[in-house]
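>>> Pasting the sequence and the predicted model now:
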Amino acid sequence: MKYVTETPYNKRNFHIDTFEVNSTSEVALKETDCYAGHYTLKVSPGENPKPLLQHGFYYMDTLLRPVCEKGDLVHVTHEDTVISTDYDPKDILRIAETVFKQGRFHRDFNIPSRMADVRYRNWVGDLIEKELLFALYFNGEVAGFYGYEGNNVLLLGIDERFRGQGLAKYFTSAGCLKQFNQGHDKLQTSISASNTASLNLFYMLGFRLKGAVDVYHKLTGPAPKEV
């Protein structure tokens, strides 16, 4: 397939072939009609969606791209919050099972919710194995996690016991500072346009919007089933 790339990290969760489409040309869209599987396509928000819809794609989400230059980070601290690479992975994976309920795969009506849960939990597990995750502690208890790679802020998860206390800004600020101290001049993240709480958090910490993409999904053939 010329215009489609396999995504084995999703295939392992959904137990069907999964792909990323790298073009919106008619030839590329027709290619998605020929092979069974689940497809993801990201396009500019200004692009005409009609050809996508005609080939069975459906709108899933708009992802915004906030960016922060090193000198713009607003560093806020709290004496009872700590981030650390010293943690029990079981504590992190337990939290990961409950925090990702509004992701695009949870919203996809072709993906069983439990399989979407597993997808995000496995992503956190990958970051643990790569040593790209900080545990978040509040008063000595594991309160969440912060996942990253390179200059990308990937994941922030707060245990439900610690939500609503305004802790996310302290944890995120500390995680961003750690990344900057690794030598990056700027950081970026990707946030669903519907996640206003996260957008407000990153804006408060000095991030500014630099772009956006619309995300479409498509299913060709049978839907994934839990096993």
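Good, I have the coordinates.

>>> for this protein, what spans make up the strands?
4-6, 18-21, 37-43, 58-69, 81-84, 133-138, 141-149, 152-158, 186-189, 191-192, 208-220 (DSSP state E).

>>> Name the residues that touch the longest helix belonging to the chain?
Scanning the chain for the longest helix, with DSSP state H as the assignment, gives helix 113-129. With CB atoms under 8 Å, 6 or more residues apart in numbering as the test, helix 113-129 has contacts from 9-10, 12-14, 89, 92-93, 96-97, 100, 103, 105-106, 108, 133, 145, 147-149, 154-155, 157, 224, 226. Backbone N, C-alpha and C define where each C-beta goes, glycine included.

>>> If any of those are buried, put those into a ChimeraX selection.
This is how ChimeraX selects the buried members of the contacts of helix 113-129, with burial counted by 16 or more other CB atoms under 10 Å:
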select :10,13,14,92,96,100,103,105,106,108,133,145,147,148,154,155,157,224
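
>>> Quick one: distance of stretch 95-113 to the chain centre.
11 Å (CA atoms, centre = their mean, to the nearest Å).

>>> With just CA atoms, put it into PDB.
Extracted in PDB, the C-alpha atoms of stretch 95-113 (Å, rounded to 0.1, in the frame of the first residue of the first chain):
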ATOM      1  CA  ILE A  95      -4.300   5.100  37.400                       C
ATOM      2  CA  ALA A  96      -3.900   4.700  33.600                       C
ATOM      3  CA  GLU A  97      -7.000   2.500  33.500                       C
ATOM      4  CA  THR A  98      -9.300   5.200  34.700                       C
ATOM      5  CA  VAL A  99      -8.100   8.600  33.300                       C
ATOM      6  CA  PHE A 100      -8.500   8.300  29.600                       C
ATOM      7  CA  LYS A 101     -12.300   8.300  29.000                       C
ATOM      8  CA  GLN A 102     -12.600  11.100  26.500                       C
ATOM      9  CA  GLY A 103      -9.900  10.100  24.000                       C
ATOM     10  CA  ARG A 104     -10.800   9.700  20.300                       C
ATOM     11  CA  PHE A 105     -10.800   6.000  20.500                       C
ATOM     12  CA  HIS A 106     -13.300   6.100  23.400                       C
ATOM     13  CA  ARG A 107     -15.500   8.300  21.200                       C
ATOM     14  CA  ASP A 108     -15.200   6.000  18.200                       C
ATOM     15  CA  PHE A 109     -18.400   4.000  18.000                       C
ATOM     16  CA  ASN A 110     -16.600   1.200  16.200                       C
ATOM     17  CA  ILE A 111     -14.200   0.600  19.100                       C
ATOM     18  CA  PRO A 112     -15.400  -1.100  22.300                       C
ATOM     19  CA  SER A 113     -14.700   1.100  25.300                       C
END
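
>>> which stretches of this protein aren't confidently modelled?
By pLDDT under 70, the chain has no low-scoring segment.

>>> what does the domain assignment say about it?
4-60+213-220, 67-211 (automatic domain parsing).

>>> Report the contact partners of the nearest residue to residue 226 once chain neighbours are set aside.
Distances taken as CB to CB, 6 or more residues apart in numbering put residue 112 closest to residue 226, at 5.2 Å, once the chain neighbours are dropped. Contacts were defined as CB under 8 Å, 6+ apart; by that measure residue 112 touches 224-226.

>>> possible to save these as CSV with distance to residue 190?
Below are those laid out as CSV (distance: CB to CB, whole Å):
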residue, distance to residue 190
224, 24
225, 29
226, 28
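
>>> Thank you kindly, that will do.
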